[in-house]
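*Asks:* Next comes the sequence, and after it the predicted model I'd like to discuss.
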Amino acid sequence: MFVTETGSGRPAVLLPSMLISGMSYGPIVEAMRRRARVIVIELPGSGRGGRLRAPWTLEQYARCVAEALQALQLEGVTLIGHSMSGAAALVAGALYPERLSGLVLVGSVGVGSPRSLLALVLGRMADMRIEPRFAVRAAPAFLYNLLVHTRSALRFVRLAAEAELSGYAARLRVRTLIAWGARDSTVPLGSALALKRLIPDATLVVSSKGSHDWIVERPAEFADAVASFMDGGG
């Protein structure tokens with residue numbers, strides 16, 4: 001793994017999407033560091049994480065997250081997963097809830113009707129048109145993953161289109177915030193509503209102007225939502 005840390009206060013662990021890197025999340029890290037201790041963990045097979053001989057399953061990633069929290073001596077953590085890493089965070093929350101005080105799922109893949117690779121690509125194209133700054137920031141990281149973590153990156157793309165994690169979502173007993181962009185075309189709002197039905201007592205917040213990557217495009221709004229959640233608000 002590749003770990004960076006900034007800020008002080010209660011711990012919030014951010015898992016960057018495994019199709020890009022932690023450097024793509026600079027705006028939200030800066031917005032959150034004033035209110036929390038922000039730990040960014042780039043997982044193996046992505047970004048600045050180590051290379052893997054073979055792609056991992058989501059269950060292996062969930063175990064890796066749990067072991068990382070233990071190794072870093074982190075307890076009472078708010079775990080934040082975005083897009084592809086949201087799937088890993090969801091499975092980690094279902095299987096290893098003991099070190100978590102909260103779970104934040106942001107445009108997470110894995111719940112909803114099965115989607116084709118074509119639908120996924122078309123959704124990403126639609127989102128990129130309304131989030132050009134993020135697209136420019138994330139493109140080098142995506143290309144890096146394709147070149148350096150080729151097999152893992154291709155596996156992530158397929159998982160993003162095909163993963164079905166409803167069973168894990170129904171098992172969640174960790175306090176959960178579902179944070180979505182109303183204009184998300186990659187993982188449309190219907191997936192957030194499906195998660196809300198599956199996860200007991202989950203809180204849903206929707207950014208009316210946000211798209212799939214509103215965590216980076218609208219950092220102040222997202223940081224406010226997470227801060228309210230960490231303070232116990234709905």
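*Replies:* The structure has been received and is ready for your questions. Numbering: from 1, shown residues only.
*Asks:* from here on, contacts and neighbour counts on C-alpha atoms
*Replies:* OK.
*Asks:* Which of the helices and strands in the protein ranks last by mean pLDDT?
*Replies:* helix 117-130 (a mean of 83; mean pLDDT, DSSP states H and E).
*Asks:* now it, how far from the chain's geometric center?
*Replies:* 18 Å (Cα atoms, centre = their mean, to the nearest Å).
*Asks:* Tell me which other helices or strands that helix touches.
*Replies:* helix 150-162 (3 or more Cα pairs under 8 Å, 6 or more residues apart in numbering; DSSP states H and E).
*Asks:* buried sites along the helix it packs on?
*Replies:* 150-153, 156-157, 159-162 (16 or more other Cα atoms under 10 Å).
*Asks:* Reformat those residues as JSON lines; add pLDDT and distance to Pro97.
*Replies:* Compiled in JSON lines, those are given as follows (pLDDT from 0 to 100; distance: Cα to Cα, whole Å):
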{"residue": "Thr150", "pLDDT": "94", "distance to Pro97": "31"}
{"residue": "Arg151", "pLDDT": "94", "distance to Pro97": "29"}
{"residue": "Ser152", "pLDDT": "95", "distance to Pro97": "26"}
{"residue": "Ala153", "pLDDT": "93", "distance to Pro97": "27"}
{"residue": "Phe156", "pLDDT": "92", "distance to Pro97": "24"}
{"residue": "Val157", "pLDDT": "90", "distance to Pro97": "27"}
{"residue": "Leu159", "pLDDT": "89", "distance to Pro97": "23"}
{"residue": "Ala160", "pLDDT": "88", "distance to Pro97": "23"}
{"residue": "Ala161", "pLDDT": "87", "distance to Pro97": "26"}
{"residue": "Glu162", "pLDDT": "87", "distance to Pro97": "25"}
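*Asks:* from these, which single one is nearest Trp180?
*Replies:* Ala160 (16.2 Å; Cα to Cα).
*Asks:* secondary structure class for the residue of the chain most remote from its centre?
*Replies:* Outermost residue of the chain with respect to the C-alpha centroid, by Cα atoms, centre = their mean, is Arg53; its distance is 23.5 Å. Reducing the assignment at Arg53 to three states with DSSP: H, G, I helix; E, B strand; the rest coil gives coil.
*Asks:* ok, it to Thr150 distance?
*Replies:* According to Cα to Cα, to the nearest Å, Arg53 and Thr150 sit 11 Å apart.
*Asks:* can you give me the helices in this protein?
*Replies:* 26-32, 58-71, 84-95, 117-130, 132-148, 150-162, 166-171, 189-198, 214-217, 219-230 (DSSP state H).
*Asks:* now the fourth one against helix 132-148, angle please.
*Replies:* Orientation note: helix 117-130 sits at an angle of 140 degrees relative to helix 132-148 (axes from the mean of the first three to the mean of the last three Cα atoms, to 10 degrees).
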